[in-house]
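*Asks:* Would you be able to build a 3D model of this:
(2 chains)
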Amino acid sequence: MPPRRQPQPKSGPEGPRPAVLLLAPLLLFALQGVAAAPAAAGGREDSPGLQDAELPRGLLQQAARAALHFFNFRAGSPSALRVLAAVLEGRATVNPKKECQVDLVFTTDHYNPEDGEEHLGKCSARVFFRNQKPRPAINVTCTRLIEKNKRQQEDYLLYKHMKQLKTPLDVVSIPDSHGHIDPSLRPIWDLAFLGSSYVMWEKTTQFLHYYMAQISSVNQWKTNDDAIDFDYTVLLHEFSTQEIIPCRIHLVWYPGKPLKVKYHCQELPTPEEASGTEEGSAVVPTELNNF
Amino acid sequence: MKWLLFFGALIGLSICGREKFFGDQVFRINVRNGDEISRLSQLVNSDNLKLNVWKSPSTFSRPVDILVPSISLQPVKSFLKSQGLEYSVTIEDLQALLDNEDEEMQHNEGQERSSNNFNYGAYHSLEAIYHEMDSIARDVPDLASRVKIGHSFENRPMYVLKFSTAEGRRRRRQPAIWLNAGIHSREWISQATAIWTARKIVSDYGKDPAITSILQKMDIFLLPVANPDGYVYTQTQNRLWRKTRSLSPGSRCVGADPNRNWNASFAGEGASDNPCSEIYHGPHANSEAEVKSVVDFIQEHGNFKCFIDLHSYSQLLMYPYGYTVKTAPDADELDQVARRAAKALASLSGTTYQVGPTCTTVYPASGSSVDWAYDNGIKYAFTFELRDTGHYGFLLPANQIIPTAEETWLGLKTIMEHVRDNLY
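*Replies:* Purely as a prediction, here's the structure:
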């Protein structure tokens, strides 16, 4: 599946130089060649002709998503998760190494919409995509919607609620096939989403973006006095390839403290291997991410 | 049921008089003799207490039901006590009860479409959907019939519902609309919306001028489960399965993406030749039995004017092309229609859809159903990506089925009305 192409840098007599591309209402991008992406075959290099191309609308959305995943992870607060509302403005620069810097402003909504409450947040961010290498570099600032104390209070309430859940948790997947999440298990979903935000931030590129589809298993749920220790497998849905990626995530969380996350995602299958979505076996985490 | 009538009257009253009944209570008073009745009448007739008799005594030893406004509760209680009149409170808060009833009625109205206990607000097995299609056809045989158009790889029947009027059938080969759903099996809201829509069409025919006039000019064919093998697999093995379940010689991976298998720039950009990929296009165009069945039927019919494919998720309404950035010849008109449809859809609950050509709105995709339809003379070709925008994604909670179906219906009608008025 060929991802959207980045416009090529201008190539003049002086040699290639970075192109500065401004936001425009029209979206245009070529379909020549296929860039390296998980499930796609290799292809020929594309030909010039995109120098004056407008920015694909998708790029700003990608940047906003990456920025928001990162923001949610750093905030470390399952009761204050935000989602993208709209991109207001943005501009991008592509360098000869095909790395892409995006500056943008976007609005956000509460992840768990409270009835009647419409508190749009606003963020400005600088996102640096490293030509499909993971971990886009992110600088993001958002308007403060909830006071820090109030947020910590809500987190602490969530924490107390979680501690009351009977272990081992008698649950297979969240949500179930019919999209239902038992209200008592909602905090688990929110905490899992927080952990997944770290993973999704790291994996988002100019072309790939993710949603958390389902918690497919809860491997361990330990609540101590000073932390929730949560080991679970989540299914991420990558949109442009439509692939489902199982990721084993292990997080440690306490209200007010930075979130600690370890994870390992299954590699996408090659033609010789069976489809990953068939097996769903979790892999023991071998990487230490930010513990 | 009796209560409903009382409440109905009260609701009527309240709507007219904008009366609310917060904290108002209904007292059931036991009157044992004429003396007690006259003492009670004294109470009832006092203007300032504003009591309302619901059930007056016709004979002795029948209780009297009186609605007591909240402000009068104390004086009434004192009076009854002082008179030695026995009573019980049968309704503690009339407004709360009315609100509950309201909610329940609205809820039931949404479920009302179910016959034979088919709950349209829930997800169902393939058998249940097929059975309901059969029920619909039996309920209104003059309007609907269930037609087998082929079978799946695992030999399951492919059923469509054909909606046509007797007059239409007399005219033979009326221009037709094709509504496609469930081609990607994990997108459950698509199949669920489709079966709701089937019931909606037969319920509203003869009542709603729009659908009535549409059916007078055109036939509608509805395929609620375009990928039955995949659907069964999502119910039994893997909720997130997308493709068909066809076997590929030489690969351990199963299935092809049925929406990359159509003969429209087959194997072009936006599909994969890797059998393990979710967007594997298959060994050749129409290799998938499920796709071939539809292609053969539509080509044999020869007079389709509109093809709509329901998917999820993202809340998008798109038109050709997916396989190229080139603008389709009818893009301007299709864009206008799509914008009107999205507006109609949003008018119900505020659900916003983005509109545009597939390739640039979501991603390049070759071999898609809608592109094939368009390139084969079916001008009004659209793709819906239904709710939501990623919060639940494929696992959309069942309580969103009916709201989604209802708003989508407004979008579908807008498109179908335009087709009706622009037959070519």
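
*Asks:* can you tell me how far residue B:413 sits from residue B:307?
*Replies:* 16 Å (Cβ to Cβ, to the nearest Å). Any C-beta I mention is one placed from the backbone N, CA and C, and that applies to glycine too.

*Asks:* Looking at those two, which is more packed in?
*Replies:* Set residue B:413 next to residue B:307 and count neighbours by other Cβ atoms under 10 Å in any protein chain shown: residue B:307 wins out with 25 against 20.

*Asks:* Let me see the contact set for the more buried one.
*Replies:* B:177, B:178, B:180, B:298, B:369, B:370, B:373, B:374, B:378, B:380, B:381, B:382 (Cβ atoms under 8 Å, 6 or more residues apart in numbering or on different chains).

*Asks:* Can I get the residues you listed in CSV including neighbour count, distance to chain A and secondary structure?
*Replies:* Shown next, in CSV, are the contacts of residue B:307 (neighbours: other Cβ atoms under 10 Å in any protein chain shown; distance: Cβ to the nearest Cβ, whole Å; DSSP: H, G, I helix; E, B strand; the rest coil):
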residue, neighbour count, distance to chain A, secondary structure
B:177, 25, 27, strand
B:178, 24, 24, strand
B:180, 25, 18, strand
B:298, 20, 25, helix
B:369, 27, 16, helix
B:370, 26, 17, helix
B:373, 27, 21, helix
B:374, 24, 18, helix
B:378, 19, 24, coil
B:380, 24, 23, strand
B:381, 29, 20, strand
B:382, 25, 19, strand
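
*Asks:* now, among these, which is nearest to residue B:398?
*Replies:* Proximity of those to residue B:398 was ranked by Cβ to Cβ; the top entry is residue B:180 with 22.1 Å.

*Asks:* Just grab the bridge partners of that closest one for me.
*Replies:* Beta-bridge partners for residue B:180, by DSSP bridges, are residue B:223, residue B:309.

*Asks:* so what's it up against?
*Replies:* Contacts of residue B:180 (Cβ under 8 Å, 6+ apart): B:223, B:226, B:294, B:307, B:308, B:309, B:310, B:369.

*Asks:* Ok, residue A:125 next?
*Replies:* With Cβ under 8 Å, 6+ apart, residue A:125 has these contacts: A:63-64, A:67, A:71, A:102-106, A:138-141.

*Asks:* So what are the sheet partners of the helix or strand containing it and their directions?
*Replies:* Using DSSP states H and E, the element containing residue A:125 is strand A:121-130. Each strand paired with strand A:121-130, and its direction, by DSSP bridges: strand A:100-110 (antiparallel), strand A:133-142 (antiparallel).

*Asks:* Among those, show me which one is buried the most.
*Replies:* Across these, averaging neighbours per residue (mean count of other Cβ atoms under 10 Å in any protein chain shown) puts strand A:100-110 on top, at a mean of 20.

*Asks:* How about residue A:239: what's its closest non-neighbour residue?
*Replies:* Distances taken as Cβ to Cβ, 6 or more residues apart in numbering or on different chains put residue A:209 closest to residue A:239, at 5.4 Å, once the chain neighbours are dropped.

*Asks:* now residue A:154
*Replies:* residue A:79 (4.0 Å).

*Asks:* on that earlier part again, kindly state which of the strands paired with strand A:121-130 is positioned closest to residue B:353.
*Replies:* Minimum separation from residue B:353 across the strands paired with strand A:121-130 (Cβ to Cβ) falls at strand A:100-110, 17.0 Å.

*Asks:* what residue ranges in chain A score low on pLDDT?
*Replies:* For chain A, the stretches with pLDDT under 70 are A:1-57, A:114-118, A:269-291.

*Asks:* and of the strands paired with strand A:121-130, who's closest to residue B:32?
*Replies:* Per Cβ to Cβ, nearest to residue B:32 of the strands paired with strand A:121-130: strand A:100-110, 60.1 Å.

*Asks:* what residues does the closest one touch?
*Replies:* Strand A:100-110 has contacts (Cβ under 8 Å, 6+ apart) with A:6, A:59-60, A:62-64, A:67-68, A:81-95, A:117-129, A:131, A:142, A:206.

*Asks:* let's see it at 7 Å
*Replies:* A:6, A:59-60, A:63-64, A:68, A:82-94, A:117, A:119-129, A:142, A:206 (Cβ atoms under 7 Å, 6 or more residues apart in numbering or on different chains).

*Asks:* just stretch B:332-344 next, same as before
*Replies:* Counting by Cβ under 7 Å, 6+ apart, B:317, B:319, B:328, B:353, B:355, B:382, B:410, B:411, B:414, B:415, B:418 sit against stretch B:332-344.

*Asks:* what about residue 155, how many residues close to it?
*Replies:* Since you didn't name a chain, this refers to chain A. With other Cβ under 10 Å as criterion, residue A:155 counts 21.

*Asks:* not what I meant, chain B
*Replies:* Neighbour tally, residue B:155, other Cβ under 10 Å: 9.

*Asks:* Quickly note the distance from it to residue A:77.
*Replies:* Counting by Cβ to Cβ, the gap from residue B:155 to residue A:77 is 52 Å.

*Asks:* and if you look at residue B:406?
*Replies:* Residue B:406 is 36 Å from residue A:77, by Cβ to Cβ.

*Asks:* more crowded one of the two?
*Replies:* residue A:77 (22 against 17).

*Asks:* which residues does the more buried one contact?
*Replies:* Residue A:77 touches A:151, A:155, counting by Cβ under 7 Å, 6+ apart.

*Asks:* Show me what counts as buried in stretch B:22-34.
*Replies:* B:24, B:25, B:26, B:27, B:28, B:29, B:31 (16 or more other Cβ atoms under 10 Å in any protein chain shown).

*Asks:* Brilliant, that's me finished.
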